[in-house]
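> Model the following, please.
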Amino acid sequence: MRARKRVEMTRAMGKKYVKYDEGAALYSMGLNTFQRMAHEAQATVRVGRSVWVNLDLFDKYFQTFAE
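Residues are numbered from 1 along each chain as shown. Sure thing, here's the model as predicted:
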């Protein structure tokens, strides 16, 4: 339930960067799939020991799969 609440807050706030777990919940996909796609999209930014995903870049990459 906590992840769902964070997704709602992310959408409401219009965040530009999210961590893997929040992004996976936002896009309704598995964690490993989201991580792989984020790396393929070159949308990751490493800050210390944490990795953040740029949602603008990820979304552009994600849209390339639309038919």
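
> quick one: contacts of stretch 6-15?
18, 22, 25-26, 55 (C-beta atoms under 8 Å, 6 or more residues apart in numbering). Using the backbone N, CA and C atoms, a C-beta is placed for each residue, glycine as well.

> Reformat these into a markdown table and put secondary structure, pLDDT and neighbour count next to each item.
Below are the contacts of stretch 6-15 laid out as a markdown table (DSSP: H, G, I helix; E, B strand; the rest coil; pLDDT from 0 to 100; neighbours: other C-beta atoms under 10 Å):
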| residue | secondary structure | pLDDT | neighbour count |
| --- | --- | --- | --- |
| V18 | strand | 93 | 22 |
| E22 | helix | 90 | 20 |
| A25 | helix | 90 | 20 |
| L26 | helix | 90 | 20 |
| L55 | helix | 94 | 21 |
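
> Check these and tell me the two furthest apart.
Using C-beta to C-beta, the contacts of stretch 6-15 span at most 12.7 Å, a distance reached by A25 and L55.

> Phi and psi next, for the nearest residue to D56 once chain neighbours are set aside.
Spatial nearest neighbour of D56, excluding adjacent residues (C-beta to C-beta, 6 or more residues apart in numbering): K16 at 6.5 Å. Backbone torsions of K16, given as degrees, to the nearest 10, read phi -100, psi -30.

> Neighbours of K16, how many?
11 (other C-beta atoms under 10 Å).

> need the contact list for it.
K16 neighbours (C-beta under 8 Å, 6+ apart): 54-56.

> ok, those vs R46, which is closest?
Out of those, the member with the shortest distance to R46 (by C-beta to C-beta) is N54, at 12.0 Å.

> Please name the bridge partners of that closest one.
Y17 (DSSP bridges).

> quick one: contacts for it?
Contacts of N54 by C-beta under 8 Å, 6+ apart are 16-17, 43-45.

> Cool, thanks, talk later.
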